[in-house]
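Colleague: quick one, what's the 3D model for this:
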Amino acid sequence: MDKERRTLQTKIEIRKVENDNGELPYIEGYALKFGTRSENMGGFVEMLSKNCLDNTDMNNVVALYNHDESYPLARNTVPSGAGSLELKVDDTGLYFRLTPTETTYAKDLITNLDAGVVGQCSFAFSLAPSGSEWIWDEDDKVYIRTITAIKRLWDVSIVTTPAYPDTEADTAKRDLEEFKRTQQNELDEVRKRKLAIELELLEG
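Modeller: Below you'll find the predicted structure:
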């Protein structure tokens, strides 16, 4: 199952909630947004359809720092308190709220978020079979990949330096090449049929 990652320049906020031990900070924002075109990802742009999460497996999603499993922040199997992750799909996209564990790296992350040093979110996912559609946008002269069905969400991550868009999209590039081959094969078949008809007319 190919795992893909995408980065979103989004507003991440830090808030605090009272608990028995005083104030507990939490981080909230959007891991992904629907209907928004990505940057150019190496010959194409990408969008997420509003229904792409309808059947997504989100039973065990972890929040990480820089997609590094050595730096877990929270998990959505933790019901509340430190280490908890809330995920909610709404009209905008996938909202998250995480209460990080009280680790040194989590505290450092909050400090960097407060200072504006860190401020981007990324998510890792696997596409469902036939979970994307391609079209050619004649106006903008670019291929558009619409993700229509995500099979599994692996993690949401707060990232320091996101990967360049075209380095995030190896799986999508392979998908695009397959789409182009299919288009070319269909075009070849149309040409063959047209030529056969022309030959029949000449022979007739």
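Colleague: where along the chain do the strands fall?
Modeller: Assigned by DSSP state E, the chain shows strands spanning 4-9, 13-19, 22-33, 44-48, 62-65, 68-75, 84-89, 93-99, 120-127, 132-137, 142-147, 150-159.
Colleague: list just the one of those strands that sits closest to L187.
Modeller: Among those, the nearest to L187 by Cβ to Cβ is strand 132-137 (12.3 Å). Bear in mind the C-beta positions are built from the backbone N, C-alpha and C, glycine included.
Colleague: helices and strands around that closest one, which ones?
Modeller: Secondary-structure packing of strand 132-137 (3 or more Cβ pairs under 8 Å, 6 or more residues apart in numbering; DSSP states H and E): strand 142-147, helix 170-203.
Colleague: quick one: strands adjacent to it?
Modeller: strand 142-147 (antiparallel) (DSSP bridges).
Colleague: what angle do the partner strand and strand 44-48 make?
Modeller: 30 degrees (axes from the mean of the first three to the mean of the last three Cα atoms, to 10 degrees).
Colleague: contacts for strand 142-147 next, please.
Modeller: Outside strand 142-147, the residues that touch it by Cβ atoms under 8 Å, 6 or more residues apart in numbering are 37, 40, 43-49, 52, 127, 131-137, 172, 175-176, 179.
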